[in-house]
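Engineer: take this sequence and fold it.
(one chain, ligands or ions: 1)
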Amino acid sequence: MGGIENPILLDLPVPIRTKRLTLRPCRAGDGRAIFEAVSESMQDFVPWLELAQGTPTLEESDEKARRFAADFILRKHLSFAIFASDRFLGMIGVYGFNWKIPSAHLGYWLRTSETGKGIMTEAARALTLYLFRHVGLRRLAILYDENNTKSVAVAKRLGFALESTSPMADIHPLTHEPTTELTFVRFHADGLDDTDVSWG
Ligand SMILES: CC(C)(COP(=O)(O)OP(=O)(O)OC[C@H]1O[C@@H](n2cnc3c(N)ncnc32)[C@H](O)[C@@H]1OP(=O)(O)O)[C@@H](O)C(=O)NCCC(=O)NCCS
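Structural biologist: Down below sits the predicted model:
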């Protein structure tokens, strides 16, 4: 498989399902769910997430949901809302595409009340399989602050390999001190359990 000339014409069958979860593109109307989940999780998000800087408002969350939906259609960012039954659990998104390779970055967050259950590991496993097997990615990277151990653990559980350690790569949103960024990568989905994963 080679580069993708016109990603807007790329068919992306959804939702993606696992044993416990449904991942579907974020849409207008998800604002309230995002607002409630982020509000509940501010303490855990503030050190790591740009979206958690400042106090969230319902209006901003509504706007974000609509922008996520628009960016999905344009294949700019692919933002998925994660559900178990009807409960909104968090989001997982693909960004930083280079469609000529194709390659991308993965990012995610989970509302605090749903952590500690293996949900993000399950969602990231499913999306990684989808991106390599359906979209045809040849490289998927996850970038972390080196102190974000819970998040790094997701990558390690899924067999992503540490590719690089970059000191002074970013600024911590609270301390304003330079941070060290870790890049974890996969070049294929081999070895990931696919038995419960389907899409379309
Ligand atoms: C990163 C983040 C999603 C990780 O959440 P998490 O709940 O630790 O991750 P998972 O959902 O994969 O769950 C793993 C935990 O559940 C436990 N677990 C329970 N059942 C499990 C299962 N079936 N499979 C795997 N883990 C399971 C694991 O032991 C682990 O707990 P531990 O950390 O106490 O060992 C969450 O901390 C978060 O949203 N942080 C803020 C946002 C952020 O930093 N994003 C990263 C930027 S890319």
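
Engineer: now the lowest-mean-pLDDT helix or strand in the chain: buried residues?
Structural biologist: The least trusted helix or strand in the chain, going by mean pLDDT, DSSP states H and E, turns out to be helix 31-45, with a mean of 94. The neighbour-count check on helix 31-45 (16 or more other CB atoms under 10 Å) flags Gly31, Ala33, Ile34, Phe35, Ala37, Val38, Ser41, Asp44, Phe45 as buried. In short, each C-beta sits where N, CA and C put it, glycine included.

Engineer: likewise stretch 137-146?
Structural biologist: Here stretch 137-146 shows Leu137, Arg138, Arg139, Leu140, Ala141, Ile142, Leu143, Tyr144, Asp145 as buried, counting by 16+ other CB under 10 Å.

Engineer: excluding sequence neighbours, find me the nearest residue to the third one.
Structural biologist: I take that to be Arg139. Nearest in space to Arg139, with sequence neighbours left out and distances taken as CB to CB, 6 or more residues apart in numbering, is Ser103 at 3.8 Å.

Engineer: pull the number of nearby residues for that neighbour.
Structural biologist: Residues within reach of Ser103, counting by other CB atoms under 10 Å, total 18.

Engineer: which pLDDT value goes with the residue of the chain found nearest the ligand?
Structural biologist: Closest residue of the chain to the ligand, CB to the nearest ligand atom: Gly118 (2.3 Å). The model reports Gly118 with a pLDDT of 98.

Engineer: what's the end-to-end length of stretch 70-86?
Structural biologist: End-to-end distance of stretch 70-86: 23 Å, with CA to CA, to the nearest Å as the criterion.

Engineer: can that stretch be said to contact the ligand?
Structural biologist: No. Stretch 70-86 does not reach the ligand (CB under 6 Å from any ligand atom); its nearest approach is 9.9 Å.

Engineer: name the element Arg75 belongs to?
Structural biologist: Arg75 belongs to no helix or strand when assigned by DSSP states H and E.

Engineer: is it correct that it is in contact with Pro7?
Structural biologist: Yes. Counting by CB atoms under 8 Å, Arg75 does reach Pro7; the two are 3.8 Å apart.

Engineer: who touches both of the two?
Structural biologist: Phe97, Trp99 (CB atoms under 8 Å, 6 or more residues apart in numbering).

Engineer: on that earlier part again, and the least confident helix or strand of the chain, what does it pack against?
Structural biologist: Packing partners of helix 31-45 (3 or more CB pairs under 8 Å, 6 or more residues apart in numbering; DSSP states H and E): helix 58-73, strand 87-98, strand 103-110.

Engineer: rerun that using 10 Å as the cut-off
Structural biologist: In terms of contacts (3 or more CB pairs under 10 Å, 6 or more residues apart in numbering; DSSP states H and E), helix 31-45 is packed against helix 58-73, strand 78-84, strand 87-98, strand 103-110.
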